[in-house]
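1. need coordinates for the below:
(one chain, ligands or ions: 1)
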Amino acid sequence: MGGRVAIVGSYNQDFVWRTQQFPVPGETRLGHFSTGPGGKGFNQAVAAARQGGKVCFIAALGRDALGENAAKLAQAEGIEARWQWCDDAATGNAAIVLDGRGQNLIIVGSGANLALSVAHVEAQGEAIAQAAIVLVQHEVCPEATARALKLARDAKVATMLNPAPPLSDEDGRLLPLVDLITPNETEFAHLLARHAGKTIEASSIAALDDARLHALARQLGVPSVVMTLGSAGCFVSHGEGARWRDEAPYYRVPAEAVRVRDTTGAGDAFSGSLAAALAELGESSFQSAIVQANRVAGLATEREGAALAIPTRAEVMQRFG
Ligand code: RIB
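-> Alright, predicted model coming up:
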């Protein structure tokens, strides 16, 4: 069993259509439909729990059938859920379109996620203070997210932000409250433009040389930046005195060889499992936690779906040793 991870975030019911090629505006395409649990917060909570973390998940649900189902799923995963039940907002949902290469397009209907209140987060202050790490994203009410980070900071608990989806204004007040961020290329480009005044094409980021990437990451003022780069693996950049027992200030970890079917939730699998690994780091290096998170995320892309596609620790061990 690992250390305690507190995750404040979203729950969505994912409605998924798989089609060979994305439709262009005005076009209709035939495809296959499926549905399952998702939401960046819940996906990350499942990832952390399946890697052995003791997870407390703080989220809002509508008082409806989808919400009841979410509560049962969390229980089945061994997640200690602190739900805020909403009478006047429906459980969140997401429309997801997948193409034949496993790429996705997503639109989120936030519903109850945006009703998550500061008061509800404050009521979970003890669980936040007892965690080894607190992980948040950008899919719930921003005030609630900021409050969770502040409570963690006050209790000297490590803080981690997965800045997804990219939002124009919120990062400005959240970045000073976090020890670690896990953007993908698009989110990193957004953060650079917004907070360092640098315009860089997201698609060119993975090909930049390591020293340049490190210099760019340092401009965000966050102690540790872990960029997820899809099939190019990930890039780690630590600031002075923030190396979590890593020797190198920056390095890359290549992606695992996997047969990609569905990339939905791969970034969540990465962030959630990284949080769980950091919560039980002990004498191990940060890099060992990154390698583990990379494996979890890679394996998750071989299965369809979001939360339920995330492998357990035993499955990761079996595949990668
Ligand atoms: O990151 C993937 C998730 O984004 C999906 O599960 C969907 O619900 C949206 O939140």
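
2. and the stretch 1-150 of the chain, which residues reach the ligand?
-> Residues of the stretch 1-150 of the chain found near the ligand (C-beta under 6 Å from any ligand atom) are S10, N12, D14, G38, G39, K40, N43, A94, I106, V108, E139. No exception for glycine: its C-beta is placed from N, CA and C like everyone else's.

3. those residues into a markdown table, with extra columns for secondary structure and pLDDT?
-> Putting those into a markdown table (DSSP: H, G, I helix; E, B strand; the rest coil; pLDDT from 0 to 100) gives the following:
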| residue | secondary structure | pLDDT |
| --- | --- | --- |
| S10 | coil | 98 |
| N12 | strand | 98 |
| D14 | strand | 98 |
| G38 | strand | 98 |
| G39 | coil | 98 |
| K40 | helix | 98 |
| N43 | helix | 98 |
| A94 | strand | 98 |
| I106 | strand | 95 |
| V108 | strand | 97 |
| E139 | coil | 97 |
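
4. now these in a markdown table, with neighbour count?
-> Shown next, in a markdown table, are these (neighbours: other C-beta atoms under 10 Å):
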| residue | neighbour count |
| --- | --- |
| S10 | 26 |
| N12 | 30 |
| D14 | 26 |
| G38 | 30 |
| G39 | 31 |
| K40 | 30 |
| N43 | 34 |
| A94 | 22 |
| I106 | 16 |
| V108 | 19 |
| E139 | 26 |
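
5. so which of those residues comes closest to A257?
-> N43 (22.9 Å; C-beta to C-beta).

6. pull the contacting residues for that closest one.
-> G265, D268, A269, G272, A306, A307, I310 (C-beta atoms under 8 Å, 6 or more residues apart in numbering).

7. same thing but at 6 Å, please
-> Going by C-beta atoms under 6 Å, 6 or more residues apart in numbering, N43 touches G265, D268, A306, A307.

8. picking that back up, of the residues of the stretch 1-150 of the chain next to the ligand, closest to the ligand?
-> Using C-beta to the nearest ligand atom, G38 comes nearest to the ligand of these, at 2.4 Å.

9. if we can go back for a sec, and the contacts of N43, which two are furthest apart?
-> D268 and A307 (8.1 Å).

10. now Q219: how far from F286?
-> 21 Å (C-beta to C-beta, to the nearest Å).

11. would you map the helices across this protein?
-> In the chain, the helices defined using DSSP state H lie at 40-50, 65-76, 118-123, 125-129, 142-154, 171-174, 185-195, 210-218, 266-279, 286-300, 313-320.

12. run through the residues that contact the residue in the stretch 201-321 of the chain that the ligand sits nearest to.
-> Nearest residue of the stretch 201-321 of the chain to the ligand: A306, at 3.6 Å (C-beta to the nearest ligand atom). By C-beta under 6 Å, 6+ apart, the contact list for A306 reads D14, G38, N43, T264, G265.

13. which one of those residues is nearest Y251?
-> Closest to Y251, out of all of these and judged by C-beta to C-beta, is G265, at 25.4 Å.

14. how about the backbone phi and psi for the residue nearest to the closest one when sequence neighbours are not counted?
-> Closest residue to G265 apart from its sequence neighbours, by C-beta to C-beta, 6 or more residues apart in numbering: A306 at 3.5 Å. When read as degrees, to the nearest 10, the backbone of A306 gives phi -110, psi -90.

15. ok so, going back, any chance of a markdown table for the contacts of N43, columns pLDDT?
-> Formatted as a markdown table, the contacts of N43 follow (pLDDT from 0 to 100):
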| residue | pLDDT |
| --- | --- |
| G265 | 97 |
| D268 | 98 |
| A306 | 97 |
| A307 | 98 |
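
16. can you pick the most crowded of those?
-> G265 (32 neighbours; other C-beta atoms under 10 Å).

17. please report how far that one lies from L135.
-> 15 Å.

18. repeat for A6
-> Taking C-beta to C-beta, one finds A6 at 7 Å from L135.

19. so L61 makes contact with T91?
-> Yes. Counting by C-beta atoms under 6 Å, L61 does reach T91; the two are 5.1 Å apart.

20. okay, and the common contacts of these two?
-> In contact with both L61 and T91: G67, A112, using C-beta under 6 Å, 6+ apart.

21. about what we covered before: which of the residues of the stretch 1-150 of the chain next to the ligand sits closest to V55?
-> Nearest member of these to V55, counting by C-beta to C-beta, is N43, at 11.9 Å.

22. find the nearest non-adjacent residue to the closest one, please.
-> Nearest residue to N43 in three dimensions, chain neighbours excluded: D268, at 3.5 Å (C-beta to C-beta, 6+ apart).

23. please list all residues in contact with that neighbour.
-> Contact partners of D268, counting by C-beta under 6 Å, 6+ apart, are K40, N43, Q44.
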